[in-house]
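Visitor: Sequence first, predicted coordinates after that:
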Amino acid sequence: QVQLVESGGGLVQAGGSLRLSCAASGRTISSYGMGWFRQAPGKERDIVAAINWSGSRTYYTDSRKGRFTISRDNAKNMVYLQMNSLKPEDTAVYYCAAASVFSGVVVTTKRFDHWGQGTQVTVSS
């Protein structure tokens with residue numbers, strides 16, 4: 001069983017940056033597709049970015065392209081989300097997720113079978 005713990009959230013002004021980290025334990029995630037999701041109050045959880053097992057391929061939703069960067073360090077069992085030029089609409093709880101059966105870029109929520117507890121990101125205007 002994989003445990004995922006997110007960190008790095010907080011309060012930041014619009015235009016600022018945050019780097020989220022996801023620490024995995026219990027098993028190596030080196031063969032897993034990984035993703036970051038967000039859930040704003042009253043809204044469904046949706047994908048922000050995804051990365052394949054090696055880090056060679058990534059996916060971003062259109063609103064995050066050029067602002068967010070997903071990366072991973074398999075030696076450290078870590079996944080990261082660098083968020084730049086943050087906007088108030090980026091405010092949400094951000095979740096790290098693992099798709100243990102899929103090693104490619106996974107964008108379908110139901111394919112992720114391990115989830116962290118989330119970290120709050122608040123962007124003030």
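Guide: Structure received.
Visitor: give me the number of residues near the nearest residue to residue 6 once chain neighbours are set aside?
Guide: Distance criterion Cβ to Cβ, 6 or more residues apart in numbering; nearest residue to residue 6, sequence neighbours excluded, is residue 119 at 4.1 Å. No exception for glycine: its C-beta is placed from N, CA and C like everyone else's. For residue 119, the neighbour count with other Cβ atoms under 10 Å is 21.
Visitor: Might you report the residue contacts of residue 119?
Guide: Applying Cβ atoms under 8 Å, 6 or more residues apart in numbering to residue 119 gives the contacts 6, 7, 8, 9, 20, 93, 94.
Visitor: again, 10 Å this time
Guide: 5-10, 18, 20-22, 81, 92-96 (Cβ atoms under 10 Å, 6 or more residues apart in numbering).
Visitor: In strands, which of those residues appear?
Guide: 5-7, 10, 18, 20-22, 81, 92-96 (DSSP state E).
Visitor: which among those end up buried?
Guide: For the ones in strands among the contacts of residue 119, a neighbour count by 16 or more other Cβ atoms under 10 Å gives the buried set as 6, 18, 20, 21, 22, 81, 92, 93, 94, 95, 96.
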